[in-house]
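S.K.: 3D, please:
(one chain, ligands or ions: 2)
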Amino acid sequence: MSTQLWLENITKEYGDGDTTVKVLKNVSLEVKAGEFVAVVGPSGAGKSTFLSIAGALLSPTRGKIVIGNQDISTLSDKELNAIRLQRIGFVFQSANLIPYLTVRDQLLLIAELAGNHNKEAEKRADELLLRLGLAHRADHYPESLSGGERQRVAIARAWMNNPEIILADEPTASLDSERGRDVVEMLADEVKLRQKAAVMVTHDKRMLDLVDRVVYIEDGMLSERPEQVPHPVH
Ligand SMILES: Nc1ncnc2c1ncn2[C@@H]1O[C@H](COP(=O)(O)OP(=O)(O)O)[C@@H](O)[C@H]1O
Ligand SMILES: [Mg+2]
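M.R.: Ligands and ions are numbered 1, 2, ... in the order given. As a prediction, the model looks like this:
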């Protein structure tokens with residue numbers, strides 16, 4: 001399988017001058033098409049920073065990010081914007097839906113922003129809603145949905161433009177364990193079905209049987225082997 005996402009020697013420092021804090025230290029990760037990787041590690045270890053860099057939401061201090069065959073480290077903000085819309089699907093801890101849009105329109109807005117709101121997009125939105133068990137909610141507004149439903153809308157929205165990379169930062173944190181597991185199973189299915197590359201930060205060890213590989217971030221360093229991590233993972 002080909003490498004879909006490649007982060008090479010990523011270093012991230014926050015602040016400037018005397019107050020610089022190095023949050024990521026030479027971190028590298030390769031994710032292949034069809035591979036689902038979990039990132040675990042203590043709070044404050046740099047997991048969200050790492051995921052934001054992987055998704056071009058944040059630029060690294062040093063290091064290279066390659067999506068497909070394209071090195072995105074040197075692109076302009078405008079080019080990065082297009083990449084985020086078309087090639088990356090994000091799911092966050094809370095769904096962050098737009099209160100005045102129906103469930104279906106949340107999805108169509110994403111197609112609209114990417115410049116492809118057409119019949120095809122409408123069909124895809126309806127298919128996604130059906131697949132995520134939301135068809136009966138298509139015309140509802142976020143306030144009338146349960147937490148689990150909102151998070152499924154956020155997932156459908158992340159998949160709307162059929163991105164090749166899926167990034168999820170603690171997507172189950174606001175859900176009970178059953179709903180949480182449903183959400184991660186849906187992510188795992190999409191990875192296999194459409195050969196996506198996916199990275200999920202999670203605190204929940206019970207989800208780790210659903211992924212292909214687990215990496216640990218601790219103190220800004222990434223390791224593939226749990227025995228190298230000095231403290232237990234939470
Ligand atoms: N914008 C920022 N400015 C300064 N420090 C930050 C910023 N964002 C995160 N940090 C710090 O970087 C470290 C890693 O944060 P984060 O990546 O959110 O960790 P995690 O997701 O593993 O909990 C923390 O010490 C946090 O306080
Ligand atoms: Mg975090």
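
S.K.: Enumerate the residues of the protein near ligand 1.
M.R.: Counting by CB under 6 Å from any ligand atom, the residues of the chain close to ligand 1 are 14, 21, 23, 41, 43, 44, 45, 46, 47, 48, 49. Any C-beta I mention is one placed from the backbone N, CA and C, and that applies to glycine too.

S.K.: my read: the first one touches residue 44, true?
M.R.: No - here residue 14 does not reach residue 44: they are 11.9 Å apart, not a contact under CB atoms under 8 Å.

S.K.: Same list (the residues of the chain next to ligand 1) but as TSV, adding neighbour count and pLDDT.
M.R.: As requested, the residues of the chain next to ligand 1 are exported to TSV (neighbours: other CB atoms under 10 Å; pLDDT from 0 to 100):
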residue	neighbour count	pLDDT
14	13	95
21	9	93
23	21	96
41	24	95
43	8	94
44	12	94
45	23	95
46	24	96
47	25	96
48	20	96
49	21	97
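
S.K.: In helices only, show me those.
M.R.: 47, 48, 49 (DSSP state H).

S.K.: okay but the last one is in contact with residue 58, surely?
M.R.: Yes - counting by CB under 8 Å, residue 49 sits close enough to residue 58 to count as a contact (6.8 Å).

S.K.: Spit out the residues that contact the two alike.
M.R.: residue 12 (CB atoms under 8 Å, 6 or more residues apart in numbering).
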